[in-house]
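1. Below are the sequence and a predicted model for it; my questions follow.
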2 protein chains.
Amino acid sequence: MTVTTEALATTDLEFARQLGQQLRVDSIRCSTAAGSGHPTSSMSAADLIAVLIARYLQYDWSKPKDPNNDHLIFSKGHASPLYYAMLKAVGAITDAELMTFRKFGSRLEGHPTPAIPWTDVATGSLGQGLPISVGVALAGKNLDKLPYHVWTLCGDSELAEGSIWEAFDKAGHYNLANLTAILDINRLGQRGETELGWSTDAYRRRVESFGCFPVVIDGHDVTAIDRAMGQALSSTGKPTVIIAKTVKGKGFSEIENKDGWHGKALPPDMAERAIKELGGIRHLKVKTAKPETTPAPKRPEAAPAVTLPVYKKEDKVATRKAYGDALVALGAMPDVVAMDGEVSNSTHADEFAKAFPDRFFEMWIAEQQLVATAVGMSVRGYKPFASTFAAFFSRAYDFVRMAGISEANIRLVGSHAGVEIGQDGPSQMALEDLASMRAIIGSTVLYPSDPNQTAKLTKVMAETNGIVYMRTTRGAYPTLYGPNETFKVGGSKVVRQSPKDRVTLIGAGVTLHNCLAAADQLAAKKIAARVIDLYSVKPVDVKTLRDAVKATKRLVIVEDHYPEGGIGAAVMEALAADGLPKIAHLGVKGLPTSGKPEELMNAAGISAKQIVAAATKLLAAK
Amino acid sequence: MTVTTEALATTDLEFARQLGQQLRVDSIRCSTAAGSGHPTSSMSAADLIAVLIARYLQYDWSKPKDPNNDHLIFSKGHASPLYYAMLKAVGAITDAELMTFRKFGSRLEGHPTPAIPWTDVATGSLGQGLPISVGVALAGKNLDKLPYHVWTLCGDSELAEGSIWEAFDKAGHYNLANLTAILDINRLGQRGETELGWSTDAYRRRVESFGCFPVVIDGHDVTAIDRAMGQALSSTGKPTVIIAKTVKGKGFSEIENKDGWHGKALPPDMAERAIKELGGIRHLKVKTAKPETTPAPKRPEAAPAVTLPVYKKEDKVATRKAYGDALVALGAMPDVVAMDGEVSNSTHADEFAKAFPDRFFEMWIAEQQLVATAVGMSVRGYKPFASTFAAFFSRAYDFVRMAGISEANIRLVGSHAGVEIGQDGPSQMALEDLASMRAIIGSTVLYPSDPNQTAKLTKVMAETNGIVYMRTTRGAYPTLYGPNETFKVGGSKVVRQSPKDRVTLIGAGVTLHNCLAAADQLAAKKIAARVIDLYSVKPVDVKTLRDAVKATKRLVIVEDHYPEGGIGAAVMEALAADGLPKIAHLGVKGLPTSGKPEELMNAAGISAKQIVAAATKLLAAK
């Protein structure tokens, strides 16, 4: 075997074959140096990636933000050695940096993250890269209208994830011919054979039935790979799925196709033998083709004027409705896009769909794909607003978690939260969303109580980075704020206050209304109560809380959420360093049922009457 | 149209046709009385259910716990009017009770829950009933070895959920011929046409490619329904999927197949016209066939002796390994079963798989199906232990949420939690699991730090009802407890204590080890620190915490978890009513990267050194 390839053009298939060997060698080298990682899962896909970067990918590595670049997403994020070996081959990183893989301080983490500029999204939780790629491809086809192609490398184990089939389904439905999924069917999962092994025909039937165009190949035959990728670009009008039969650990005979080598770095002596068998260390450089410069659709430089809807004090408007109205107003910003999980007539995203049909994407009842589409569009710089019932974002919690790691900028709006929804019963009630969303890295959690506030906060969402979650309410309650009030991330409003305040009632959303009713009842008993609208649940307004503690010494916190991890926890975590006064914390106790909202709030222990009782008890205590 | 059917045998197809009309009428009546609900989604499936209960279902309604009963799960839980109308037709409930639908205090909730004894699991979050049915059918085939059949009614909108395809895949893989899914393809979703409309052939190809046996029929032709159900029972060796083309709102011409009638009760005047068109109110009674009495496999009455593994003080054993060992020991209990998401060699569930292959179920990388299988087996009274990486239970969060509403008894064991996992990076780190699992209704959350404790707590899990979650750790740390220590739900251990304690350090899992190291360092500075092992994160041991506050006045809480909603929140929520002293709360701040566990714990601010600094600062504060 020869290492000299200078005579070959880098687009020559023999060059690609040699490059595949280099990618294997480098995958082994960096993982052996790290003492951990997934070399064998990298070796199975090396020829696929070699042909792709040598002959098909259009990417300017010096300009990772060029809108004309293709996208390459490693859905099998554990093949990160291959990914980083590729970055070396294209000259994006040096060999020396490659060898920092998995070390503290290196940007080459165990699974790819956007710590490096060529990575669109963090992967490593399987079954997510493909759904996100669908979002990027949708943006390419329907929003950017640019000819870039989205290439996604999937493992075979992750094809067991339902989210993959949500992705194939939507890719097929939207005829995303600009998307190619490359399935690395190496037969072996972490602990043995995968469910379908090398049954490429079974995969072919499934992929085809989901509306995609399958091509079955030998994933180590560079000619076949080349032909399949060519086919992928010669549009069939459908997304292409290259089903590549491969061998795990390919190229090192001691471990090829052997069980027990998943996620294991080779010990140095084995690595040495492997590198020898693979033809030694190479430093081939690939000149990836740069994309043709197609001007991206111009987006206005200055923020366009947004005229938010305004509601009168006497109006009773549900916050979910105000969200829909505000989203239509935000449509003036050309980068605002929306998607929904087939409940847009409940979340009121349907108003945006009617006003801006080209920027609305129906994801049907597939919440994982719903969030993934938002993440994919955020990769392309859009401001996505994804909505469904708040309870059903729990279906996509792992996607939200990974979006946090990707440092994606997405907005999630969950309607129908809490027992307040009434008759539909507990399956439709989000009662753990504040806890779960607060725990997402870099998240913002908002919970308005009033339509003017909701409209303002919807605009704030568009201006806020990270994972921004807003909880809206099903029912209509009185309008509390005038149209000129301002609201911000980390803000709160003291909606009732006097120098005689003896207790502070803290609520948000529907419980703010209950707190106000309770304050009225307390006032009738000559007890002055301060009322705080804690509409920004994360981050919270520490100063206002601190002032309230100082002034009233007693807090009653009320939330339409289970008692764990919600508004109560948010307040206490924020004030922990100060020490805390006695707190009455009213959350939903017990499993709710069906009934009228008032009946259910009463049964849950969060009604005005119960707030009054809790405040009275606190005041009576020594 | 005649209402008199006395001349007909209840197994006659004409009776079934009449029964279908009755189910429609009753669906309308109860939802109109409630003023909400889903009559049209009930009407489309009425003939399917009529034929099923009149001629195929084997169920003793007076003995809902009879192990020989068939199972009938409404995956489309919003068709609850039809479900309750069916319960009236079989005599399980009265017409008067039917009319309490959706009212506060009624057990006929908006979506079915196990508040009524014939309901196996709560549904209403779409795409869950079928995966759970797969669990029940697996139990029937492989554990109970009883001839009961599992019938599942699915809507067409929910077929967009990836979880449905995880379910078809596993049903096909395990050749669950005892499972029949009935797909009610009524074309219309909540806000318009479904993705595939009436393309029954597209569904057929998908179902077939996933290893199931499809039968396409007209869902209003009782003869065709009858033939399809007969086919389902004449074993093909595969699960049967009846793809029934139906009409939403069938039977009332004003709304048949019309958009805009999803989830809407008919106003009284329309209801009156509908009932008239459907032939008036009937009170037909079905005599469902009772199952043949096949004795269920005997399970021992007395709890069998379990000999837990024991670890020596000098041993360093990872808690995930101790979990695997303990699970094997628990295998002595014949109702203990286990399942894993293709990572059993990491979670150590593989040891149970080797010891008890007949009671271990590989779910591959399909975490929704993993949890659903556990729920399904809990329906049949087994004690399921489901394991994967802790981070990946977030993929199944909605299933865990619904399992809480189902009051299912399942055990979830998540390994590789926190930044402690090291090099793999943030995608594999559970850092929000304590928050999200604590917020589940009726959950228990355990987090051991030591192998003897883990073994004991694994047994406690088997003895605890509800959703029981245990978090295990990747690395091996010193054994802290002797084999005779006892641990309980709601317990804690004071692992270091003296009368001179000036500060209390609270940790669990890996941070308990950091707290102990910190206490040593503080002792060297002549500062006595109490150390609490808060291994029961929910419920927490309030008394021990209260005593510590009283004794030391200062708390340092340390957790390998984001600061929101985890151990810190658990402690503060528990003590809120008392008021709280100054607390230093150390959680993982910022987005972690790859590195060695010690490097990452240091970067996150939860190392011994940082605990010492926090305690010292607290002591210095006025």
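-> All right, it came through fine. Residues are numbered from 1 along each chain as shown, chains lettered A, B, ... in the order given.
2. residue in the stretch 51-200 of chain A nearest to chain B?
-> Closest contact between the stretch 51-200 of chain A and chain B, by Cβ to the nearest Cβ, is at residue A:162 (2.3 Å). For every residue, glycine as well, the C-beta is placed using N, CA and C.
3. actually the stretch 301-450 of chain A, not the one I wrote
-> residue A:427 (2.9 Å).
4. Touching, that residue and residue B:402? I think so.
-> Yes: in this structure residue A:427 lies within contact range of residue B:402 using Cβ atoms under 8 Å: 6.4 Å.
5. which of the two has more neighbours?
-> residue B:402 (31 against 26; other Cβ atoms under 10 Å in any protein chain shown).
6. Skipping adjacent residues, who's closest to the more buried one in space?
-> Excluding the flanking residues, the one nearest residue B:402 by Cβ to Cβ, 6 or more residues apart in numbering or on different chains is residue B:125, at 5.2 Å.
7. can you give me phi and psi for the one you found?
-> With angles defined as degrees, to the nearest 10, residue B:125 sits at phi -90, psi 110.
8. how much space between it and residue B:481?
-> Applying Cβ to Cβ, to the nearest Å, the value for residue B:125 to residue B:481 is 40 Å.
9. between those two, which one's more packed in?
-> Higher neighbour count among residue B:125 and residue B:481: residue B:125, with 28 against 23, using other Cβ under 10 Å.
10. Could you tell me how far that one is located from residue B:314?
-> From residue B:125 to residue B:314 the distance is 49 Å (Cβ to Cβ).
11. for residue A:25, same thing?
-> Using Cβ to Cβ, one gets 42 Å for the distance from residue A:25 to residue B:314.
12. Which one of the two is surrounded by more residues?
-> Taking other Cβ under 10 Å, residue A:25 and residue B:314 do not tie; residue A:25 has more neighbours (26 against 7).
13. And the helix or strand hosting that one, what does it pack against?
-> Secondary-structure element containing residue A:25, defined by DSSP states H and E: helix A:13-34. Packing partners of helix A:13-34 (3 or more Cβ pairs under 8 Å, 6 or more residues apart in numbering or on different chains; DSSP states H and E): helix A:39-43, helix A:46-51, helix A:80-89, helix A:95-98, helix A:222-233, helix A:268-277.
14. Residue A:136 and residue A:120 touch, don't they?
-> Yes: using Cβ under 8 Å, residue A:136 makes contact with residue A:120 at a distance of 6.9 Å.
15. Show the pLDDT at residue A:299.
-> pLDDT for residue A:299: 66.
16. Quick one: low-confidence residue ranges for chain A.
-> A:1-7, A:295-301 (pLDDT under 70).
17. can you give me the angle the helix holding residue A:25 makes with helix A:80-89?
-> Calculated by axes from the mean of the first three to the mean of the last three Cα atoms, to 10 degrees, helix A:13-34 forms an angle of 120 degrees with helix A:80-89.
18. from memory residue A:464 sits against residue A:489, does it?
-> Yes: Residue A:464 lies in contact with residue A:489 (Cβ under 8 Å); the separation is 5.7 Å.
19. Name the residues contacting each of these two.
-> Residues touching both residue A:464 and residue A:489 (Cβ atoms under 8 Å, 6 or more residues apart in numbering or on different chains): residue A:444.
20. Need the overlap of contacts for residue A:136 and residue A:120.
-> By Cβ under 8 Å, 6+ apart, the residues touching both residue A:136 and residue A:120 are A:71, A:73, A:379.
21. So what does the closest residue to residue A:71 other than its chain neighbours look like in phi/psi?
-> Among residues not flanking residue A:71 along the chain, residue A:150 sits closest, at 4.5 Å (Cβ to Cβ, 6+ apart). Dihedral pair for residue A:150: phi -110, psi 120, per degrees, to the nearest 10.
22. next one: residue A:389
-> Dihedral angles for residue A:389 - degrees, to the nearest 10 - are phi -60, psi 140.
23. Nearest the geometric middle of chain A, what residue?
-> residue A:403 (3.0 Å; Cα atoms, centre = their mean).
24. where do the helices sit along the stretch 51-200 of chain A?
-> A:80-89, A:95-98, A:129-138, A:162-173, A:200-209 (DSSP state H, counting those that start in this stretch).
25. now, of those helices, which is deepest in the fold?
-> helix A:129-138 (a mean of 30; mean count of other Cβ atoms under 10 Å in any protein chain shown).
26. quick check: angle from that helix to helix A:162-173?
-> Using the same axes, to 10 degrees: helix A:129-138 against helix A:162-173 is 20 degrees.
27. Helix A:129-138 near chain B anywhere?
-> No: Helix A:129-138 stays clear of chain B (Cβ under 8 Å from any Cβ of the partner chain), getting no nearer than 8.9 Å.
28. Same check on stretch A:364-378?
-> Yes: using Cβ under 8 Å from any Cβ, we find that stretch A:364-378 touches chain B at A:364, A:365, A:366, A:367, A:368, A:369.
29. Can you name the residues that contact the last one?
-> Counting by Cβ under 8 Å, 6+ apart, residue A:369 touches A:131, A:134, A:163, A:166, A:167, A:169, A:170, A:363, B:162.
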